[in-house]
Structures are given as C-alpha cells and as structure tokens.
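A.B. asks: Here is a sequence together with a model predicted from it:
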Amino acid sequence: MNLELHVWRQPAPNADGSFFTYHAKDVSPDMSFLEMLDVVNEGLVASGGEPIAFDHDCREGICGSCGMMINGVAHGPMKATATCQLHMRRFKDGEVVWIEPWRARAFPVVKDLVVNRGALDRIVAAGGFVSVNTGSAPEANSVPVPKQDADDAMDAAACIGCGACVAACPNGSVSLFTAAKISHLGLLPHGQPERDRRALRMVAQMDVEGFGHCTLFGECQEACPKEISIDTIARMNRDYLQASVMHRGEKAVAGTG
Amino acid sequence: MELRARVPSGPIERKWAKHCFDMKLVNPANKRRYTVIVVGTGLAGGAAAASLSELGYRVKAFCFQDSPRRAHSIAAQGGINAAKNYQNDGDSIYRLFYDTIKGGDFRSREANVYRLAELSVRIIDQCVAQGVPFAREYGGLLANRSFGGAQVSRTFYARGQTGQQLLLGCYQALEKEVAKGNVTMYPRTEMLDVIVVNGKARGIVTRNMVTGEIETHLADAVILGTGGYGNVYFLSTNAKGSNATAIWRAYRRGAAFANPCFTQIHPTCIPVAGDYQSKLTLMSESLRNDGRVWVPKKSGDGRAPNAIPESERDYYLERKYPSYGNLSPRDIASRAAKEVCDEGRGVGPGGRGVYLDFFDAIKRLGADRIAERYGNLFEMYERITDENPYQLPMRIYPAVHYTMGGLWVDYNLMSTIPGLHVIGEANFSDHGANRLGASALMQGLADGYFVIPLTIGDYIASSRPEPLTADNVEVKATIESVRERTKRLTSIRGTRSATSFHRELGKIVWEYCGMARSAEGLKKALQLIPALRKEFWDDLLVPGTGQELNQELERAGRVADFLELAELMCLDALQRDESCGAHFRIEHQTPDGEALRHDDKFTYVSAWEFAGDGKSPILHKEPLLFENVALVTRSYR
C-alpha cells in the first residue's frame, strides 16, 4: 500500500520547524510503523536528503524510547501499543498520516521527532526509589507480600517512561508517570519507610520541571501503551495529602557518608 | 601479552570469601578522591555505578540512550536464576554452578562460575528490598518457574518483564545517587575510544550525540558494561542501538577479545517476515514450560496446524531428549529446529519455522492461567504476526540473541589493559560456549552489585593512579584519532547507507558463522568480509555533518566496527576446530548430530590480541582447569 506522510522536521532545538510531505510506497501491512519510516529514510539517504530523526531502540515495546504523535494520537491508533509495535495493517491504502514529536513544554524538541525527556529522570531522582544500599538487604522471603499487592504493584511498575501520558494530556501533566512510580513502591512493604517523603518530593519536582496540573481528563490512560490506570493518580493524591498533613521536618540527613 | 587469571587458591567454596579478605581496601574517606567511569547503564553498568557511588567513589556514568532506564537489559523477559532452593527440589549453589558449567559445555572458568552461583542468592535479596515486584504465591512468598538446562525450579520472575523490573531497580538506585550528586549521568553520549596512559586505562573519549562534540573524560579506573555484539548479524533480538564499539575500541587499544565465535542463537523467536525487517523479537524461553514444540512428520505438509492430527505430528524435542524435553538448552533446541527445517518439515512462509503449541496447556490449566503467565508475550506475538496464539500455535524460529564471547577478564573482571574492567555480557567470563536461560540477568547483577565494587577498590589501592590532565600527549592523541575517524566517515560521500552494508554483513555472518559452521564456509566468509569492508570505506554515504544529532553517523561508526569484529569471529570459529555448545562445526558431530568436543586440544579460552590493521591478530590461550567437575559429554536425553 501507499501512504502520504506529513512529518514534522526541525533541525535543532531552537530552530523553526515545519511539516514536510513524503510518499511511502509499497508499504507491506506486516511492517511495523518504524520499519515503514526506516524505508522512507533509506530512500531519503539514497536521494541525498537527510533522514527523519526519531528515537527508537528495542522495538519490542519495552524500552520506552520511541513515541510520536500519529494523526494527533500518542503512539497512534492502536490501544495499549507503543509506536514500535504498531503495524501498518492498521492503516489503509492511500491514507494520509501526520507525524509529530511529543508536544509538551517540559519535553523540548531536540531534532525532528526526537524530544528531551530528561525531566522524567529528574522526577525519579527526586524520590522514586527505595533507599537500600547494595548489600544491606535482608533475606528476600523474610517479608511476605500479599499476592494482590505484588500484582497491583507490578501493574503500576509496568510503566516504560515513554512520555505518551504527557503528550496526550491537554495540560501537559506528568501525573500518570509519577503516580505509577508512587503506587508501585507505595503498594509494597519495602516502600513504606519513604512513602511520605517520596510523594512530597516527586510531586514538587513535577512543578519544578514545568509540567501542567492534572485535571483528570483521563487522556493519559487512553494513550498509555502499558494501560497504567488513572487510579494510580488517586493513590498519589491521597499519599500526597497524607504526607502534607503528617509532614515532620528531618532532623538530620540519613547515612554517615 | 600475558593472561593471568588471578584465580585465588583454596577450595572452590572458599575462593571468593578468601579473596574478599585478601583484596586491598580504600579507606572510606579516600574513596571520594577517586573517579570511576562506567560505560553502559544496563544491569551490570547501572548496578556498578550505583554501588560504587554508595561506597563513596565519584562516578561518571554514560549511556547512548536518552535515559539510563532504556538500556537493553530492559527487554529481558523470562527471569533470573538464584540458588535459593525455595522449592525444596534439591537446588543448591553447587547445583547452579554445575548446571552452568555443563550448560556452557565445559568452556568456562570454574572459579568465576562458582562465585556467580554463590552471589545469586544475594541478588534476589537486594532486588526485593529495592521493590522489584517479583511474582509471588498466595502466602506472600516468592514464586519460581523452570528454565532450560535445569531440572530444578530456580527462576524468579516478574511476569514476562523481569529484565525491565530488575533494570528499574538498578536505575532507581542510580538516580538516587545522581540526586546525591555523587554520580554524574551522561545520557545520549557514546563512548568512541578508551584512553590508555602509561599502559593503564585512564578515561574515555565520547561523542555528545546531540551537539556532536567530541570530549575526553578522565578517571582512575574505567568499567565497560556495554553489552554484547549480537547485532553483528544485523537481525537479532538485540535493540537497534546495541553495538560493539566500546569493546571493539578497547580491543584495538590492547584488551584481549575472548571466544568471539561463541554466539547464542535463541530457539524461540518470531520468524523473519520480509526484507524490510529491522529486528527479531524473542518469545521468552519460559514459554517452553507450557508450550510443546512440534513440526509435521511429513515433509512439505501444507495443512493448517489444527488440521494435522496428533499422530502426524513430531514433538521432536520430547522425542529426542525425553528427560529435558521442551526445556532442552538453547543451543540444542536451536539446532534441532534448524535440522527439521532443513529436512523440509518447517512451517510458515519459507519453511523456516516450527510450532510452539499451547493447546494442551490451555486444556490442562485454562486460558486464564496461561494468560496470567504469558499474557504480555501472547499479545506481543499477536501484534507482530496478526495470529492469535490462544487459537493457533505460535510459529517460532531461532535467532541471534546473546554473545558469550567478549573481552577477556581475570577473576577481578579486569581486562588485559590494567584499570579497564569489563562486566556483564561485554565480558566473556561465565557462560562458556552456551548460556543457560535466566543467567544473563544473574551475571550482570552479580558483576555490578557484588564483584566490581570490591575489585575496583583492590585495583585502586594497589595501583594508586597518578594525577592526569587533558593536556597529556596520549590523551590528546586519542581524542585526535577519534576526530579523524568521525571526519573520515562523513567525508566519503559515496552511494550506500550504513544500513545496507550492515544488512549484507549480517547475511554473510548468519550464513557462515551462525548455527552451523564449516571450515569451508568460514574461509569463504573471511574473504567476503574484508571485501565488504573495503567497499564500505570507499562507498559509504553519511548525510549531514558530525556537529549535530546525526543518527546515520552513529550507525556508520558502529557498522565499521562490526565489519572488523565479524572477521575476528570467523577467524576464531575456524581456529576452534571442534564443536562445543553453540559453536557447532559440522565436521565435529556425534552420529546423532550432537556437538563433539575435543577436550584434549581445545580446553582453553581463545584470547585474541590486536596486532594492527591488516595484520593477523595473535592468539593467546588460557588453559581451563577443571578441579571440581569432570568433563563429560553433555546429555539431555
């Protein structure tokens, strides 16, 4: 099949960008969306042009590198599917496809479809962990975890950090990403000692990074390739509220180092 | 070059404990005076960077992805082994050690493997404490599943996303240290060379992939956790970005490359569908717990799978290997699949596929239980193939997955360049000629969390690195050579893309240095590869410049290195005139078609030393001494 692509091209972070039109010819329905772009790029290189830059790596839907707005929808038309796992059989011959990078203030464009998602790392660095230094852990089975809690924690931990939730949100909020981590660790006994601290710090970092506020549109969970539930946001809000009320000042920094 | 393995003396159960005591320590207050570079942020690199920082070292960590969380460890599906013996089925550290040595077809170093088995139990403790949501039983304790090459259930798992969850544990520990200011993280930064000063590794040269800037980073020790080189084959289960540049550049600076021909072909991957295909997708080995592998008995049987009656199916793994059945080790299962396809009994387009059938398991357990165990894998399969594995058997075929070979390291995980340490898949150390399933995650984390934090201290305390600045002659020469090479890649302005060369290289290596190798084929490959490499340097086309984000340039540099490494792989495969594990030389097989080792001649590690461009590399041999296990012919029958 043949497709008409309108692709956002932007040479550098501060440069102006615009849509360019390309014709993808003889596309096989068994190709993935990224393989279709590979073929377009091979053609561009062969004809002396510059290929379209896009992030990708595992192409198995787990690394979270890829992601683009396809006809205005984060990761394209198929539910619960990252761009690399979207196949061309979901498109029709002759279809016009608009391809854009994630659009959010906190994700500046680096080039073409590549954006800077460093803000997500900084949110995790603010508190998305359990402080347990290597070697200090007790025997694994010494703390039983109810299966239901472990399963719910796993559902939240499945987040791949792609940023689709931000791109899909009309406010550019990163709440689903942050809430998924707060829920994952908050559901497990191992995450309890830092539960309050984690909620306060991660929520504060979202604001620092310039993400918008959550008004529960729910677009994020629709776009999420791992179907993280918006219920995690309720959990985050509850943890944050409780932590704000119960907050006690730290007497000293932990550790001796 | 001298290969000193530095294996401690004493009984195998005591070696590591003794070594831990014998190693020199760096005083806690002095650690902050030393900088350690860690390249790669997968399980090995991420764990090392976090753990070294916790100890007090200053750490600079590098990855080419936009975030350390995206390293390819994330794609590991099935699980991680540990000798916890939670299932009361007779597991022990010694059994895990033995299974790993045997699975590797007696081509790995006993002491390293024993240490790996010993540390496996602490890995699980550490990960659980970090909040890794492993699968659990109703009583709240950890669950296990079985994996190939073992008759005990010792694999811990988090659905089909074990690698992801373990890596997120590592990554979170790393970000915790970044927040403390002890780790400086350099994402979208690719290592292009290692800096060797006075014979010691003292830093790296990198390219900032956004601005194109070539930079030097100096340190007191360098650790490479940069993964394997399976992408030599173009089509593999590795991520598109996975590459050999870091280890290949280190090889060219004097680090010996060990057993390059030991590459693992994983039996259960989704078959190739077309020429445009960019990568292959693994279907976890854990599926073989419940799936049954079969092909039609008749060659050329074109019927749909469900129309073929039970009596006309050949469950060839169960038939040939009754005691391990569908859970035979990877090398054996892969070769068996190739064999039935070569006989014309393969299924699907091109006849390169076999069935992995869940019909019996669904009948026995119900579709819900199967969905709980493998739901995400079934979905992934359906997305890619448009076939529903609950109704039709999966079609699978072997694909390149892992490389057991890598840079040679001693017991301290240090290469032949003092100060250059190599961890995880990037080194050669623990899996011999074939890796067992669920052991890669174990090795990456054992190296990163528990081995390297101690051995780096020993290196620093005993070598006491001297101060060094960027105006040193050797530092300047290294950065200059990197600039030169980058310029050369962008100035050829020929007609062919790096990918087109890569695809062609992959076909050569798959054909002649894949699942079955022969002297004749390898000699042919050794002619084809240099010719292709010459064409690459004459006719490569890289658009754009080096001073910007340029993905074609990144690719070209990696393909250039694959074009050299592929030749070394073929040379090694030709030199190792025996079959062992995944290295199957058709000249050396038993009457039943199993790998036939020649222990009298080849019980050694082949470690190759770079001798200069256009010169044959020099082979060094590290003899393998087996003091605890007897070398026997592997049997999974």
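C.D. replies: Yep, that arrived. Residues are numbered from 1 along each chain as shown, chains lettered A, B, ... in the order given.
A.B. asks: Give me the distance between whichever residue of chain A sits closest to chain B and residue A:156.
C.D. replies: Using CB to the nearest CB, the closest approach of chain A to chain B is made by residue A:144 at 2.9 Å. From N, CA and C alone the C-beta is placed, and that goes for glycine too. Residue A:144 sits 20 Å away from residue A:156, going by CB to CB, to the nearest Å.
A.B. asks: Between the two, which is the more surrounded one?
C.D. replies: Applying other CB atoms under 10 Å in any protein chain shown to residue A:144 and residue A:156 shows that residue A:156 carries more neighbours, namely 24 against 15.
A.B. asks: Looks to me like residue B:216 is in a strand.
C.D. replies: Yes: counting by DSSP: H, G, I helix; E, B strand; the rest coil, residue B:216 is part of a strand.
A.B. asks: So it versus residue A:159, what's the distance?
C.D. replies: Distance of residue B:216 to residue A:159, given as CB to CB: 36 Å.
A.B. asks: Residue A:27 now?
C.D. replies: 31 Å.
A.B. asks: I'd like to check which residues are in contact with the residue in the stretch 51-200 of chain B positioned nearest to chain A.
C.D. replies: For the stretch 51-200 of chain B and chain A, the shortest gap (CB to the nearest CB) falls at residue B:140, measuring 2.9 Å. By CB atoms under 8 Å, 6 or more residues apart in numbering or on different chains, the contact list for residue B:140 reads A:144-147, A:150.
A.B. asks: Distance from the chain centre to the lengthiest helix in chain B, please.
C.D. replies: The residue-count maximum for a helix in chain B (DSSP state H) belongs to helix B:551-575. Chain-centre distance of helix B:551-575: 16 Å, with CA atoms, centre = their mean, to the nearest Å.
A.B. asks: on that earlier part again, in helices, which of the contacts of residue B:140 fall?
C.D. replies: If you go by DSSP H, these have A:147, A:150 in helices.
A.B. asks: The contacts of residue B:140, buried ones only, as a PyMOL selection?
C.D. replies: Buried subset of these, written as a PyMOL selection, criterion 16 or more other CB atoms under 10 Å in any protein chain shown:
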select buried, chain A and resi 145+147+150
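A.B. asks: Columns distance to residue B:198 and pLDDT on top of the contacts of residue B:140, output as JSON lines?
C.D. replies: Formatted as JSON lines, the contacts of residue B:140 follow (distance: CB to CB, whole Å; pLDDT from 0 to 100):
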{"residue": "A:144", "distance to residue B:198": "55", "pLDDT": "98"}
{"residue": "A:145", "distance to residue B:198": "52", "pLDDT": "98"}
{"residue": "A:146", "distance to residue B:198": "58", "pLDDT": "98"}
{"residue": "A:147", "distance to residue B:198": "57", "pLDDT": "97"}
{"residue": "A:150", "distance to residue B:198": "52", "pLDDT": "98"}
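A.B. asks: circling back: tell me which of residue B:216 and residue A:159 has more neighbours.
C.D. replies: residue A:159 (25 against 18).
A.B. asks: is any part of the longest helix along chain A close to chain B?
C.D. replies: Taking DSSP H as the assignment, the helix of chain A that covers the most residues is helix A:231-246. No: Helix A:231-246 lies apart from chain B when judged by CB under 8 Å from any CB of the partner chain; the minimum separation is 13.8 Å.
A.B. asks: Excluding chain neighbours, what is closest to residue 108?
C.D. replies: Unless you meant another one, I'm taking chain A. Of all residues not flanking residue A:108 in the chain, residue A:116 sits nearest, at 5.1 Å (CB to CB, 6 or more residues apart in numbering or on different chains).
A.B. asks: you looked at the wrong chain, it should be chain B
C.D. replies: Nearest non-adjacent residue to residue B:108 (CB to CB, 6+ apart): residue B:432, at 3.4 Å.
A.B. asks: how deep is the one you found tucked in, by neighbour count?
C.D. replies: A count of neighbours around residue B:432, defined by other CB under 10 Å, yields 27.
A.B. asks: and if you look at the one 4 residues further on?
C.D. replies: Residue B:436 has 24 neighbours, counted by other CB under 10 Å.
A.B. asks: Which residues are in contact with it?
C.D. replies: Residue B:436 touches B:81, B:99-100, B:103-104, B:147-150, B:329-330, counting by CB under 8 Å, 6+ apart.
A.B. asks: got it, and residue B:443?
C.D. replies: By CB under 8 Å, 6+ apart, the contact set of residue B:443 is B:44, B:116, B:424-425, B:429-431.
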